[in-house]
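A.B. asks: Predicted structure and sequence below. I'll ask about it afterward.
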Amino acid sequence: MLLLHPQRTKQSGILRTTTWGRLALLTLIMLLVAGLSFADGKKHKLSKDLDALKGSNSGPTVDVIIQFNHAPTDVHHQKVQSKGGLLKSKMDSIKGAHYSVPVGSLDALADDPDVAYISPNRPLSGTSTSTLDYAAESVNAPVAWQQGLDGTGVGVAVIDSGVTAVGDLYWWIPANQTYGSRVVYSQNFVPGATDASDQYGHGTHVAGIIAGAGWFSTGSSFSHTFKGIAPNANIINLRVLDQNGVGTDSSVIAAIQTAISLKSTYNIRVINLSLGRQVYESYTLDPLCQAVEAAWNSGIVVLAAAGNQGRNNSVGTEGYGTISAPGNDPYVITVGAMKTANTATRVDDTIASYSSKGPTAFDHVAKPDIVAPGNQVVSTLAPNAHLLSTPTDVYLSEYSSSTTTTTNTTTKNNNKKNSTTTLTANAISTSYLRLSGTSMSTPVVSGAAVLLLQQNPNLTPDQIKARLMKTASKNFPATSTATDPTTGTTYIDYYDIFTVGAGYLDIAAALSNNDLADASTASPTAVFDPTTQSVSLVTGSSVVWGNSVVWGNSVVWGVNGTSVVWGNSVCWGSITSDGFSVVWGTGVPWGTATNQTTSTAQSITLEGEK
């Protein structure tokens, strides 16, 4: 290419450009700009790694930081949202903002003349390569914390194996060095037990996911803080499970009744039930379900685990129809488990193969309602808990620069030469442990409900449920697989509404939503048509996601009206026709091989899924 050089003259020591030179320079600039635009188009506004991401199988959405030519206004945010984006946080200091956007919208966003540059929200990491816990980051809880929402004043009844008031469950005021436990009430319902402390280790872990403050992983020597979703909420400890994690309906029902009676005293707005059992009859008859409905009707949001039977194929259902009670009740918020892939971004998250799937036995209610991180979650450790074993260990080196060293000195050559060897031990944390299951994903959503109630105490349980479900992310891959390292069995998951419900919890989106449901949010019933081998949702005028524009199935569930949501070619995969019939029968027998009380379920709790 011929390069044109501007002609210069020297006058009074000042370098000046001649008229011809100015024209030549302008021509050069125009050619260079045109060449850049024609060669790269709008792609030069996309970082190389983001541009490469478009052509990969990275998932339907990506977290990005968009920088604008000027500080973005609401108009700019609306333009991104019109292309399917979601504002996650503002970054005015760099004239930008953090969004989640569809991968397919990247080129259109880059074509906007107000956009200067788009790059992925890249992960930062410390020196550790061990598995960390990104549950809070994956559901955008830090957005709530930045807004000053931390659960202050809201009470959560944890009905579980008890809660030990460990350090992370304390409040602390550094200015005057005052502190106290946020476990504000404790009561035991286990026959023969003498106190409400956690001898099993499950309830304290659950409480930490809801309200752990992360004191024991915060400071200059720590690379990662294990913080609960609502880190200043109060815990009402109602122990119903014994030292082996076993309880009865009566104990749970008694605890629920107590929570209702103490509602005003401790501002109990949420009940967390990270427990369950097989469904034996319709929820309209099950006393456990009736108890949770009583709590719901009293104004308490009830969260229940979906169960860990998603791998159960004992009767050919590929895990469908295995929702636990009381998660089968249409009123409660039933939670399934996601895997964070050990990253803070949501793009690579997938469903845990063990997460139980709907529809519910007998009643065919569409469940779960929502999914949240529940695999290999790090939370508070109850000292001397029976759950402690090697697979649950969290090592100090995973989140702290502190190490333990031992020095051995040996003498060689008749005491003429000394050799010293220093060994660094991978010390086990005395504050945290790692557990997996829908028991862990349920308190994540409980914490989200607490934040919504702190933001707006007037919200009803129906409004909380509807808002969480409507704003849940509905961007998933078509399928994902997981292989059990022990058995070698590969499980395939399909992202239908009976696997992921209304979607993946997004706290930032829920907090920014102002829609108010004004009717019952009972989850719809799914109806099977044997002639077409397809499934539809039955809705009515009393159901909040009935026919209205704001709360229709298309926005809550991602499906349209009563149209087919589950055809024979949509998500059954390799499921047999016999299994299909079992799901739509009177109930799904789980069998004994993979019941929740067996070693299989215990293995999931301790080891999780890669």
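C.D. replies: Looks like it came in fine.

A.B. asks: Give me the distance from the helix or strand containing T204 to the chain's centre.
C.D. replies: Using DSSP states H and E, T204 sits in helix 202-211. Remark: helix 202-211 is offset 15 Å from the chain centroid, using Cα atoms, centre = their mean, to the nearest Å.

A.B. asks: After it, which helix or strand is next?
C.D. replies: Next in line after helix 202-211, if elements are assigned by DSSP H and E, sits strand 234-239.

A.B. asks: Quick check: which helices or strands does that following strand pack against?
C.D. replies: strand 155-160, strand 183-188, helix 202-211, helix 249-261 (3 or more Cβ pairs under 8 Å, 6 or more residues apart in numbering; DSSP states H and E). Every residue, glycine included, has its C-beta placed from N, CA and C.

A.B. asks: Pick the most deeply packed of these.
C.D. replies: Greatest average neighbour count among those goes to helix 202-211 (a mean of 32), per mean count of other Cβ atoms under 10 Å.

A.B. asks: send the alpha carbons of that helix over as CSV?
C.D. replies: The C-alpha trace of helix 202-211 is given here as CSV (Å, rounded to 0.1, in the frame of the first residue of the first chain):
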residue,chain,number,x,y,z
HIS,A,202,-26.7,-31.0,58.7
GLY,A,203,-28.7,-28.2,60.3
THR,A,204,-25.7,-26.1,61.2
HIS,A,205,-24.5,-26.4,57.6
VAL,A,206,-28.0,-25.4,56.3
ALA,A,207,-28.1,-22.4,58.7
GLY,A,208,-24.7,-21.2,57.5
ILE,A,209,-25.9,-21.3,53.9
ILE,A,210,-28.8,-19.0,54.9
ALA,A,211,-27.1,-16.7,57.3
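
A.B. asks: Point me to the helix or strand that includes D329.
C.D. replies: Using DSSP H and E, D329 falls within no helix or strand.

A.B. asks: I'd say it and E293 touch.
C.D. replies: Yes - here D329 reaches E293: they are 6.3 Å apart, a contact under Cβ atoms under 8 Å.

A.B. asks: More neighbours: the two, which one.
C.D. replies: Legend: neighbour count by other Cβ atoms under 10 Å for D329 and E293, higher for D329 (29 against 21).

A.B. asks: List the residues that contact the more buried one.
C.D. replies: 283, 286, 289, 292-293, 304, 365 (Cβ atoms under 8 Å, 6 or more residues apart in numbering).

A.B. asks: Dihedrals phi and psi, the spatially closest residue to it that is not a sequence neighbour?
C.D. replies: Nearest non-adjacent residue to D329, counting by Cβ to Cβ, 6 or more residues apart in numbering: C289, 4.2 Å away. Dihedral pair for C289: phi -70, psi -40, per degrees, to the nearest 10.

A.B. asks: Next: D506.
C.D. replies: Here is the backbone geometry of D506 (degrees, to the nearest 10): phi -140, psi 100.

A.B. asks: Number of residues surrounding it?
C.D. replies: D506: 26 neighbours (other Cβ under 10 Å).

A.B. asks: Then P174?
C.D. replies: P174, neighbours per other Cβ under 10 Å, totals 7.

A.B. asks: quick one: low-confidence parts of the stretch 451-600 of the chain?
C.D. replies: 519, 539-555, 558-577, 589-600 (pLDDT under 70).

A.B. asks: Which stretches in it count as strands?
C.D. replies: Along the stretch 451-600 of the chain, counting by DSSP state E, counting those that start in this stretch, strands occupy 479-483, 490-494, 525-529, 534-538, 564-566.

A.B. asks: the bottom helix or strand of the protein by mean pLDDT?
C.D. replies: Every helix and strand of the chain was ranked by mean pLDDT, DSSP states H and E. The lowest is strand 8-11, at a mean of 35.

A.B. asks: Dump stretch 459-474 to PDB, restricted to CA.
C.D. replies: C-alpha atoms of stretch 459-474 as PDB (Å, rounded to 0.1, in the frame of the first residue of the first chain):
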ATOM      1  CA  LEU A 459     -44.700  -9.200  50.500                       C
ATOM      2  CA  THR A 460     -46.800 -12.300  50.900                       C
ATOM      3  CA  PRO A 461     -45.600 -15.900  50.500                       C
ATOM      4  CA  ASP A 462     -47.500 -16.100  47.200                       C
ATOM      5  CA  GLN A 463     -45.800 -12.900  46.000                       C
ATOM      6  CA  ILE A 464     -42.300 -14.100  47.100                       C
ATOM      7  CA  LYS A 465     -42.800 -17.400  45.200                       C
ATOM      8  CA  ALA A 466     -44.100 -15.800  42.100                       C
ATOM      9  CA  ARG A 467     -41.400 -13.200  41.900                       C
ATOM     10  CA  LEU A 468     -38.600 -15.700  42.500                       C
ATOM     11  CA  MET A 469     -40.000 -18.000  39.800                       C
ATOM     12  CA  LYS A 470     -40.700 -15.300  37.300                       C
ATOM     13  CA  THR A 471     -37.300 -13.700  37.500                       C
ATOM     14  CA  ALA A 472     -35.400 -17.100  37.500                       C
ATOM     15  CA  SER A 473     -33.000 -17.500  34.600                       C
ATOM     16  CA  LYS A 474     -34.500 -19.800  32.000                       C
END
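
A.B. asks: secondary structure class for the closest residue to N188 other than its chain neighbours?
C.D. replies: Nearest non-adjacent residue to N188, counting by Cβ to Cβ, 6+ apart: A196, 4.3 Å away. Classification of A196 by DSSP: H, G, I helix; E, B strand; the rest coil places it in coil.

A.B. asks: okay but A196 is in contact with G162, surely?
C.D. replies: Yes - assessed by Cβ under 8 Å, A196 is found in contact with G162 at 5.1 Å.

A.B. asks: Need the residues touching each of the two.
C.D. replies: Residues touching both A196 and G162 (Cβ under 8 Å, 6+ apart): 186, 188, 237, 239.

A.B. asks: State the distance from D369 to V75.
C.D. replies: 35 Å (Cβ to Cβ, to the nearest Å).

A.B. asks: Oh, that last question was meant for S603, not what I typed.
C.D. replies: Taking Cβ to Cβ, one finds S603 at 53 Å from V75.

A.B. asks: Between these two, which is the more surrounded one?
C.D. replies: More neighbours surround S603 than the other of S603 and V75, with 15 against 8 (other Cβ under 10 Å).

A.B. asks: For that one, which non-adjacent residue is closest in space?
C.D. replies: T486 (7.7 Å).

A.B. asks: pLDDT value on W296, please?
C.D. replies: Note on W296: pLDDT of 96.

A.B. asks: Double-check that it belongs to a strand.
C.D. replies: No - assessed with three-state DSSP, W296 is helix; it does not lie in a strand.

A.B. asks: that older thread, redo the strands of the stretch 451-600 of the chain as JSON lines? Include mean neighbour count.
C.D. replies: Formatted as JSON lines, these follow (neighbours: other Cβ atoms under 10 Å):
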{"stretch": "strand 479-483", "mean neighbour count": "15"}
{"stretch": "strand 490-494", "mean neighbour count": "18"}
{"stretch": "strand 525-529", "mean neighbour count": "17"}
{"stretch": "strand 534-538", "mean neighbour count": "19"}
{"stretch": "strand 564-566", "mean neighbour count": "20"}
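
A.B. asks: Looking at A196 and G162, which has the bigger crowd around it?
C.D. replies: Higher neighbour count among A196 and G162: G162, with 32 against 21, using other Cβ under 10 Å.

A.B. asks: measure that one to G180 for me?
C.D. replies: Using Cβ to Cβ, one gets 19 Å for the distance from G162 to G180.
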